[in-house]
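Trainee: here's a sequence, model it:
(one chain, ligands or ions: 1)
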Amino acid sequence: MISGDKNYNGVIDDLVNGSWISPSDNKKYGIPIKNIEIRETLDGREYDLIESLHSNQKLLVVSDPFTHKAMGSRIFNNLKTKMNAEEYIWEQPSSSIEGVQFLRTKLKDYDGMIAVGSGTVSDSIKYATFLEKKSYSVFATTPMNAYTTGTASISFDGIKKSLVAHYAQGVFFDLEVLSNCPKRLTAAAFADVICRTTAQVDWLMSHKLLNTDYKTTPYELLALYEMDMINNASDIAAGKIDSLALLTLISAIMGLGTSFTQTTHVGSMGEHGISHYIDMFAGDMHPGTSHGEQVGIATISISKFQNTILKKDQPPIIKPTQIPEQEISQKLGDPMLETIKNIYGT
Ligand SMILES: [Zn+2]
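Mentor: Next comes the predicted model:
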C-alpha cells in the first residue's frame, strides 16, 4: 500500500526552515536549498513542488531513456497541462564539458530545468544552469549525496573535476522510485556514506596535529540516523521503504555537510583519495566499479591504517609531503605538477 503521506524528512524540515539548533554551539542553522522532500511517493505532487519554486518560469524537464521510464514521463504528464513546461529525453547523457555545453544551448529557450536522474543528468544540469545563471530542481532516481551539494563532477578529456556550481532550488526523493533502482546503486550509496567514520578521523587528526579548522555540525546531524541506517543495512538492500528513507536522509545530509563547513573534509578524505587514484590511474585495468563501491572498500583499508596509527604508544611523526616530481610529470603532465607544487607551497 502506498499512502504517499508519510514524511521521511526528519531533521531536514528544520534545516529548510533555518530553525535547527546545533547542540554544540546553540546556533541556528539553515541550508541553501529551498525545499527537500523525502516521501513514499511524490506522484501527483509534482506541480505543487515545482510551482512554488519556479513560478512563472518556462521549464525543460530533462531525463534520459531510463529515468524517463522510471519517473520522467510521469512528472511531465503531471506538469504539462498546468504549467509552461516541455520535455527532453537526453538519449546519450554525458557529464562531460561537451555534455554541459550541449545543455547550455538547450537552455537558451528556457528559464530553468527540471532534472530527472542520477549523477550524470543531475550534475551536468547543475553545472549548465550555473553557467547560464538559470535555476534548476531535481527529482532523484537513486539515493546519492551529489544532489544536495553545490559542486558538480564534470569530466574534461576523461579527467573528472569537482567544480563549484550552485545548489538546486528543490531536491525531491520519491522512495517508491528509489526502491526500484538497481541494487548495486543502493549498495554503492551506502558504501559512500559509511566513509563518515574514516573521513572524520582523518579530519580530526589534521585538526589536532596541524590545527586546521574542524567542525562537528554535519556529524551531529548524521548521528541522528546513522546507527539506525547501519542496523537496517539488509532491509536497505531489500529495498524496504522505511530503511531506504534512512539511507536517503543520510545521503542528503552528507551532501549538505559542505554547506556548513565550506570544505568537503566532512565526507571525503583518505578513502576518497584511494578511489580517485583508482579512477585516474587504473586505465584498462579499471574493473568498472563505481565511486561508492571503491570508497566503501577503501574505507575499510583506511580504517586499518588509522587503527594502526592510533594504537601506537607513541604519537605519529609527520613530515612535509615529499613530492615525486618526475613520477607526477610522467603520469599527469607538467601542468598538474605545477598545480600540486602550488597547493603544497614548494
Ligand atoms: Zn563520495
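Trainee: burial check on Gln314, number of neighbours?
Mentor: By other CB atoms under 10 Å, 5 other residues sit near Gln314. (Glycine included, C-beta is placed from N, CA and C.)
Trainee: state the helix or strand in which it lies.
Mentor: Element membership for Gln314 (DSSP states H and E) is empty, with no helix or strand holding it.
Trainee: likewise for Asp25?
Mentor: Using DSSP H and E, Asp25 is not contained in any helix or strand.
Trainee: ditto for Phe173
Mentor: strand 170-174.
Trainee: equivalent analysis for Ala199, please.
Mentor: Per DSSP H and E: helix 196-210 holds Ala199.
Trainee: avg pLDDT for the helix or strand that that helix is followed by?
Mentor: For helix 196-210, the following helix or strand on the C-terminal side (DSSP H and E) is helix 217-223. Helix 217-223 shows a mean pLDDT of 96.
Trainee: please save the CA atoms from helix 217-223 in PDB.
Mentor: What follows is helix 217-223, C-alpha atoms only, in PDB (Å, rounded to 0.1, in the frame of the first residue of the first chain):
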ATOM      1  CA  THR A 217      27.900  20.300  12.800                       C
ATOM      2  CA  PRO A 218      27.400  17.800  10.000                       C
ATOM      3  CA  TYR A 219      28.400  14.900  12.300                       C
ATOM      4  CA  GLU A 220      25.700  15.900  14.800                       C
ATOM      5  CA  LEU A 221      23.100  15.700  12.100                       C
ATOM      6  CA  LEU A 222      24.400  12.400  10.700                       C
ATOM      7  CA  ALA A 223      24.500  10.900  14.200                       C
END
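Trainee: and it, what other elements does it pack with?
Mentor: helix 196-210, helix 241-261 (3 or more CB pairs under 8 Å, 6 or more residues apart in numbering; DSSP states H and E).
Trainee: give the burial count for Ser301, as a bare number.
Mentor: Ser301 has 13 nearby residues by other CB under 10 Å.
Trainee: quick one, what contacts it?
Mentor: Taking CB atoms under 8 Å, 6 or more residues apart in numbering as the criterion, Ser301 is in contact with Glu271, Ile274.
Trainee: and Ser135, by the same measure?
Mentor: For Ser135, the contacting residues are Leu53, His54, Gln57, Asp111, Gly112, Thr129, Gln169, by CB under 8 Å, 6+ apart.
Trainee: which of those tops the neighbour count?
Mentor: Thr129 (27 neighbours).
Trainee: thinking again about what came up before, and of the helices and strands packed on helix 217-223, who's closest to Val16?
Mentor: In terms of CB to CB, the element of the helices and strands packed on helix 217-223 nearest to Val16 is helix 241-261, at 10.4 Å.
Trainee: can you tell me the SS state at Ile154?
Mentor: strand (DSSP: H, G, I helix; E, B strand; the rest coil).
Trainee: how many degrees apart are the helix holding Ala199 and helix 241-261 in direction?
Mentor: Here the directions of helix 196-210 and helix 241-261 differ by 20 degrees (axes from the mean of the first three to the mean of the last three CA atoms, to 10 degrees).
Trainee: list the buried residues in helix 196-210.
Mentor: Across helix 196-210, burial judged by 16 or more other CB atoms under 10 Å covers Arg196, Thr197, Thr198, Ala199, Gln200, Val201, Asp202, Trp203, Met205, Ser206.
Trainee: how about the strands of this structure, start to end?
Mentor: Assigned by DSSP state E, the strands in the chain fall at 20-21, 28-29, 35-39, 59-63, 85-89, 112-117, 135-140, 151-156, 159-164, 170-174.
Trainee: most packed of these?
Mentor: Mean neighbour count (mean count of other CB atoms under 10 Å) peaks for strand 112-117 among these, with a mean of 28.
Trainee: so what's the gap between it and the chain middle?
Mentor: For strand 112-117, the gap between its own C-alpha mean and the chain's C-alpha mean amounts to 16 Å (CA atoms, centre = their mean, to the nearest Å).
Trainee: repeat for stretch 46-58
Mentor: For stretch 46-58, the distance to the chain centre is 23 Å (CA atoms, centre = their mean).
Trainee: outside of it, which residues touch it?
Mentor: Residues outside stretch 46-58 that contact it (CB under 8 Å, 6+ apart) are 34-35, 37, 42, 59, 74-75, 78-79, 82-86, 109-112, 114, 135, 137, 139, 169-170, 172.
Trainee: reformat the helices and strands packed on helix 217-223 as JSON lines; add distance to Phe156 and mean pLDDT.
Mentor: Output for these, formatted as JSON lines (distance: least, CB to CB, whole Å; pLDDT from 0 to 100):
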{"stretch": "helix 196-210", "distance to Phe156": "26", "mean pLDDT": "94"}
{"stretch": "helix 241-261", "distance to Phe156": "22", "mean pLDDT": "94"}
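Trainee: out of the ones you listed, nearest to Val121?
Mentor: helix 241-261 (16.1 Å).
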